[in-house]
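[1] Provide a 3D model corresponding to the input given below.
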Amino acid sequence: MTQWPKLDAAGRAEAGRGRATGLTATEVAERVARGEVNDVPVRSSRSGAEIVRSNVFTRFNAIIGILWLIVLFVAPVQDSLFGYVIIANTGIGIVQELRAKRTLDGLAVIGEARPTVRRDGAATAVPTAEIVLGDLIELGPGDKVVVDGEMVEAENLEMDESLLTGEADPVLKHPGDALMSGSFVVAGSGAFRATKVGREAYAARLAEEAARFTLVDSELRNGISTILKYVTWMMIPTAVGLIISQLVVKNNDFKDSVARTIGGITPMIPEGLVLLTSVAFAIGVIRLGSRQCLVQELPAIEGLARVDVVCLDKTGTLTEGGMDVSELRTLGGADEPYVRRVLAAIGSSDPRPNASLRAVIDAYGTGATGPGAEAAPAAGAWRITDALPFSSARKYSGAAFAEDGGEVAGEVAGKDAGKGEAGGGEGGRTSSSGWLLGAPDVLLPEDHPVLAEIDRLNEQGLRVLLLARVSGALGAPDAAEGAEATALVVLEQRLRPDAADTLAYFAAQGVAAKVISGDNAVSVGAVAAKLGLAGADRTIDARRLPTDPGELAEALDNGSVFGRVTPRQKRQMVAALQSRGHTVAMTGDGVNDVLALKDADIGVSMGSGSEATRAVAQIVLLDNSFATLPYVVAEGRRVIGNITRVATLFLTKTVYSVLLAILVVCFQVEYPFLPRHLTLLSTLTIGIPAFFLALAPNKERARPHFVHRVMRYSIPSGIIAGAATFVTYLLARHHYSGPGALGAETSAATLTLFLVSIWVLAIIARPYTWWRLLLVVAMAAAFLVVLGVPALQTFFALRLEGTMMPWTAVAIAAAASVLVEVAWRWVDRHVART
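    Alright, predicted model coming up:
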């Protein structure tokens, strides 16, 4: 059993005496040889065998395969063409899905989490699959625990285990505590030893399924499954009746009766619908993959197209991840060189700084280049006595440290610091004083005079951090009480160059954008205003939002920009919007976005985001480009709109096929078509056009109720087409007589059915573009070629006899086409109202 024994008391004491070095290269090699490796196959796509199996072994393929084998024995080869079409379609589906698999697998490698493992005393990033039993894995904010383990080092380490337990409050971890894979770091840092790897780790039961290429929870796929269920219910009794009618009641040539019976059954099956849906999704994956967009759950393509509200985190989404210190303003006469040294020391206290603290380190730390950096003395000689990592819930970080002379920083401030007065020996023994760096409106009371100055800076879209001296324990809930404002650190945020255009796109498409950020509300509003977001002038401080879900939903509907939002509030906001019937997408890159990303209908993470955000998001933008989202929406709309068109074509054929079979049984006549006739009609009016229409650009806004909309169009169209065809067939039976009468009757009926079907195609192809018009005209021309070329007439058994009946067939088709047009326009108006 691949488990590492728990640390005993001696082991914990040894770990606590110094920095653990981890396994040696020799120990790693020994564990690899014993198979103690985290070898769980986390796949982003189905295997090749699964793809082949899902495309080949289907219920309808089995039915068509049996019918095809029968036709091969009893009918000419041209009546078996439908079988070769199915083979070709299946092959195309397999090829496209394999292409999508290669794309997904390649992107998954790029976006794969690479935990930092300590070996031979050096930290190195390794793929998750290369972690071995006993490895020492380092953790920092946003890191996900990928295997089960036990804490060895912990510095104010706060873990979020809500994905496992449902409890949203962070859990403070200490050496010796157990860690479960699936949790992630909220604040602090540490290291843990892997005690379970491979399929024995808890992660194996989560990640292997969670990251799989999946088609669950897709309205399109569920709708098509519902349609196929309806088709099966209609097809079975109708086919049985047709078999009895053609083979038992009618005393015709046996082989011809078998061929016509099969010709009546096969068109009832919408065999290409599932194929084209899979191909459309696969092509979508490939197209998005070319834009460095990893689709971790396939329905996300469809889901984002249905989104009507997108919630955006400001940092990392509207702005770039990095920031620059533009100004340092001291307060209360504080000595600026000393303040810079304090900032440098705070920066050195956090081994995994966030973007704001990274900017401070760049400006005032060792090797800094920021404003005033040339005067900042090194802080390496200051001993850290306490540290508080940044937390999105707290909105600040902090540190306490002893200076060169032993006194605790924080006992020296203001003008006294400039004179070098240390605060005496008593100060050197006091470790309760320290510094906090964070949100000014959180650290200071509402009526503090400094806040007015900060508001003026925030109105310019600048982010402001307050450096404040405090007394008492840094981690206490009331640590900020009595904070003495010492300096303001002004940060300039870099707007993403594509953010304004992306927001404009969403506005044009009727998608409401909600900026929900943990930053100061005024600053967030200023950034949103620069990007042209409507409602940016009505920024709301989330601390003043109601807690009642109904009132919260009302506030969210009326507002667009929200600041000082906690991670828990982000989750509540998503739930409140969903309670109003909205389909919500959430974008983010930080650990504070994880819970909201998980609860949103569609979660979108930046590739540079934390491991935890990438793990729960359905879509990962590997190139960190916010501008990719419109392409994802467009791809989803293409899939939804085009599959709706294609499904209507296929279902129209199913409806008229079932109706014709019922009428044949009721009137006790021969079925009018051989398989070759319906193969020709299906190819020209459905098969070839459907491939072009399924993959064409489509910017129509996605609408719900896929099944109802398809049925509303296809049922009247199919009934009209089937009835018109049967009327022509009955008239032809009265008109023609003699040995070749059945062939002439079939030809007349085929002409009517083709003309009505081509008109249905012409309606579905709207709005017209040059290629859509060309497609319809080309299909009509191909049918005329079949009617005009003697060899093709013979091959397909189509020959129009005389002039009266063919023109009658045309007239009936024209009348039926008018009825189809009227029905479609009525349905359009009815659907628009509903």
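[2] who are the contact partners of residue 72?
    The contact partners of residue 72, by CB atoms under 8 Å, 6 or more residues apart in numbering, come to 80, 83. Where C-beta positions appear, they are placed from N, C-alpha and C, glycine not excepted.
[3] one more pass at 6 Å, please.
    residue 80 (CB atoms under 6 Å, 6 or more residues apart in numbering).
[4] figure out the helix or strand that it lives in.
    Secondary structure assignment for residue 72, by DSSP states H and E: helix 59-74.
[5] phi, psi of residue 124?
    Taking degrees, to the nearest 10, you get phi -150, psi 150 for the backbone angles of residue 124.
[6] for it, list each beta-bridge partner.
    Residue 124 forms beta bridges with residue 117, as assigned by DSSP bridges.
[7] circling back to that earlier point, mean confidence (pLDDT) on the helix holding residue 72, please.
    Computed over helix 59-74, the mean pLDDT rounds to 78.
[8] ok, stretch 99-108 next?
    70.
[9] got it, and stretch 687-706?
    79.
[10] quote the end-to-end distance of it.
    By CA to CA, to the nearest Å, the extent of stretch 687-706 from end to end equals 21 Å.
[11] ok, and what's touching that stretch?
    With contacts defined as CB under 6 Å, 6+ apart, stretch 687-706 is touched by 219, 223, 276, 280, 283, 305-306, 637-638, 640-642, 645-646, 649, 761, 775.
[12] now do 8 Å
    85, 219-220, 223, 272, 276, 279-280, 283, 302, 305-306, 509-510, 634, 636-638, 640-647, 649-650, 709, 761, 764-765, 771-772, 775-776, 779.
[13] just the buried ones among those, please.
    85, 219-220, 223, 272, 276, 279-280, 283, 302, 305-306, 509, 634, 636-638, 640-647, 649-650, 709, 761, 764-765, 772, 775-776, 779 (16 or more other CB atoms under 10 Å).
[14] mind listing which of those are in helices?
    If you go by DSSP state H, those have 85, 219-220, 223, 272, 276, 279-280, 283, 302, 305-306, 634, 636-638, 640-647, 649-650, 709, 761, 764, 772, 775-776, 779 in helices.
[15] could you list the buried residues of stretch 128-136?
    By 16+ other CB under 10 Å, the buried positions in stretch 128-136 come out as 128, 131-136.
[16] which ones among the residues you listed map onto strands?
    Members of those lying in strands (criterion: DSSP state E): residue 136.
[17] tell me the one of the buried residues of stretch 128-136 nearest residue 122?
    The closest of the buried residues of stretch 128-136 to residue 122 turns out to be residue 136 (CB to CB; 11.0 Å).
[18] for that closest one, give its distance to residue 820.
    Taking CB to CB, to the nearest Å as the measure, residue 136 falls 71 Å from residue 820.
[19] same check, this time on residue 785
    Residue 785 sits 25 Å away from residue 820, going by CB to CB.
[20] residue 608 too?
    Separation of residue 608 from residue 820 (CB to CB): 53 Å.
[21] who has more neighbours, these two?
    Taking other CB atoms under 10 Å, residue 608 and residue 820 do not tie; residue 820 has more neighbours (25 against 15).
[22] residue contacts, the more buried one?
    Taking CB under 8 Å, 6+ apart, we find residue 820 in contact with 716-717, 720-721, 756, 759-760, 763.
[23] how many residues are close by residue 125?
    The burial count for residue 125: 10, using other CB under 10 Å.
[24] same question, residue 815
    Residue 815, neighbours per other CB under 10 Å, totals 14.
[25] so what's the spatially closest residue to it that is not a sequence neighbour scoring on pLDDT?
    Excluding its sequence neighbours, the residue lying closest to residue 815 (CB to CB, 6 or more residues apart in numbering) is residue 724, at 7.3 Å. Note for residue 724: predicted pLDDT of 95.
[26] again with residue 560
    90.
[27] likewise for residue 778?
    You'll see residue 778 listed with a pLDDT of 96.
[28] kindly provide the distance from it to residue 611.
    For residue 778, the distance to residue 611 (CB to CB) stands at 52 Å.
[29] more crowded one of the two?
    Remark: of residue 778 and residue 611, residue 611 carries more neighbours, 23 against 13, as counted by other CB under 10 Å.
[30] the more buried one contacts residue 140, correct?
    No. Between residue 611 and residue 140 there is no contact, the gap being 9.8 Å when judged by CB atoms under 8 Å.
[31] just the CA atoms of the helix holding residue 72, as PDB, please.
    The C-alpha trace of helix 59-74 is given here as PDB (Å, rounded to 0.1, in the frame of the first residue of the first chain):
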ATOM      1  CA  ARG A  59     -28.300   2.000 -31.300                       C
ATOM      2  CA  PHE A  60     -29.200   3.500 -34.600                       C
ATOM      3  CA  ASN A  61     -26.000   2.200 -36.200                       C
ATOM      4  CA  ALA A  62     -27.000  -1.300 -35.100                       C
ATOM      5  CA  ILE A  63     -30.400  -0.900 -36.700                       C
ATOM      6  CA  ILE A  64     -29.100   0.500 -39.900                       C
ATOM      7  CA  GLY A  65     -26.300  -2.100 -40.000                       C
ATOM      8  CA  ILE A  66     -28.800  -4.900 -39.900                       C
ATOM      9  CA  LEU A  67     -31.000  -3.400 -42.500                       C
ATOM     10  CA  TRP A  68     -28.000  -2.800 -44.700                       C
ATOM     11  CA  LEU A  69     -26.900  -6.500 -44.500                       C
ATOM     12  CA  ILE A  70     -30.400  -7.500 -45.500                       C
ATOM     13  CA  VAL A  71     -30.500  -5.100 -48.500                       C
ATOM     14  CA  LEU A  72     -27.100  -6.400 -49.700                       C
ATOM     15  CA  PHE A  73     -28.700  -9.900 -50.200                       C
ATOM     16  CA  VAL A  74     -32.000  -8.900 -51.700                       C
END
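[32] cheers, nothing more for now.
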